[in-house]
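Engineer: Output the structure for:
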Amino acid sequence: MDYEENLIFKVAWFYYMENMTQQQISEQLCLSRMKVIKYLEKARNLGIVQFKIKSDGEKRIHIERTLMKTFGLKDAYVIPTIDSNINESIAKAAAQYIEGHLIPNSYINVGYGDTVSRTINNLIFSLDIPVSLVTLSGGVSCYTSSIAGAGKSDPTRPTPQIYFVPSPLIVSSVEMAEAIWEEKSVKEIMNMAELAYMTVISIGAVDENATIFRDNKISHNELILLKMNGAVGDILSQFYDKDGNKIDFELHKRLVSTQLDTLKDMKNVIGVAGGPSKVHAILGALKGGYLDVLITDESTAESLVNLVNK
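Structural biologist: Numbering: from 1, shown residues only. Now for the predicted structure:
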């Protein structure tokens, strides 16, 4: 090792192993700061310093790329799988992702579901720019207490304005649903939703753990009927089959919720979902073309890729 190479090695060691600043190295070795910068660059070019991404992170990045390529997504964010409370983990990741992609005074559409609710709860406690939330369905009032709480806990943080669809999620008749859609206040909210900067939705499985079932929006018999008709998942309380095609289901006609065809035309639709019970529901949503971005966990992502490659 010649004199210069020995200096390069010392500079690299002090910088990367001893966490010394460039100025400290400059003083230690009696070199100019520009020389230290030059030697650090040489250390990389000569292979004295080699960077390696941790294998688990590299694997997740590969899965994200595969998801994007396979399903035509604009983006994917895959987090490590944990054994408990997967919805909360995905919600925290989704809140970070959303915050990193927002611009001031954005309008964000929010859907119906546990993971979306958790995402909003996490998001509003960290936002430092003004945004507005627009609900995509009637009956979505679970965000009110969280938004109020955010303002009380930190008065200096901007509290999001929220626009609710003034209606129940499910009404008693088709005629009533049609009448509600004609209401000026409902039309105004829907017009706002179509122009929103970003849309965040949950993806539900067709089982007893689904939010729509736990909230008593559908009965046990209706759940069985949906399964018999090939339903694998729901978005905005609308059920679809393994290819993403909307199921012919009487309840859909009594819903006050943004239609799936309308969802396809919205900007930056982010699906937040994960766990083994939701794999087929997420796959159907991807095949249906409802998502631009998927935020999920590693095991779910691997299962999605494996199903497609079978």
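
Engineer: Sketch out the low-pLDDT regions of the stretch 1-150 of the chain for me.
Structural biologist: 1-2, 52-56, 140-150 (pLDDT under 70).

Engineer: ranges for the helices of it?
Structural biologist: Along the stretch 1-150 of the chain, the stretches classed as helices by DSSP state H, counting those that start in this stretch are 3-12, 22-29, 33-45, 55-71, 86-101, 114-124, 144-153.

Engineer: how about residue 163, secondary structure?
Structural biologist: strand (DSSP: H, G, I helix; E, B strand; the rest coil).

Engineer: contacting residues for it?
Structural biologist: 132, 133, 134, 135, 189, 192 (CB atoms under 8 Å, 6 or more residues apart in numbering). C-beta coordinates here come from the backbone N, C-alpha and C atoms, glycine included.

Engineer: Can you lay out these as TSV showing distance to residue 182?
Structural biologist: Output for the contacts of residue 163, formatted as TSV (distance: CB to CB, whole Å):
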residue	distance to residue 182
132	24
133	24
134	19
135	18
189	13
192	17
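
Engineer: so residue 277 makes contact with residue 206?
Structural biologist: No - Residue 277 is beyond contact range of residue 206, at 9.5 Å (criterion: CB atoms under 8 Å).

Engineer: and residue 168, how many neighbours?
Structural biologist: 17 (other CB atoms under 10 Å).

Engineer: where does the stretch 201-310 of the chain dip in pLDDT?
Structural biologist: Using pLDDT under 70, the stretch 201-310 of the chain has no residue that qualifies.

Engineer: Which parts of it are strands?
Structural biologist: For the stretch 201-310 of the chain, the strands defined by DSSP state E, counting those that start in this stretch cover 204-205, 233-235, 238-240, 269-272, 293-297.

Engineer: Now do the last one and helix 114-124, the angle between them.
Structural biologist: For strand 293-297 against helix 114-124, the angle between stretch directions is 100 degrees (axes from the mean of the first three to the mean of the last three CA atoms, to 10 degrees).

Engineer: Any of the contacts of residue 163 buried? List them.
Structural biologist: Neighbour-count burial (16 or more other CB atoms under 10 Å) applied to these gives 133, 134, 135, 189.

Engineer: Counting neighbours around each, name which of residue 277 and residue 206 comes out higher.
Structural biologist: residue 206 (25 against 16).

Engineer: and the residue lying closest to the more buried one once chain neighbours are set aside, how many residues sit next to it?
Structural biologist: When the adjacent residues along the chain are set aside, residue 206 lies closest to residue 231, with 4.9 Å between them (CB to CB, 6 or more residues apart in numbering). By other CB under 10 Å, 22 other residues sit near residue 231.

Engineer: what's near enough to touch residue 231?
Structural biologist: 206, 239, 240, 241, 247, 249.
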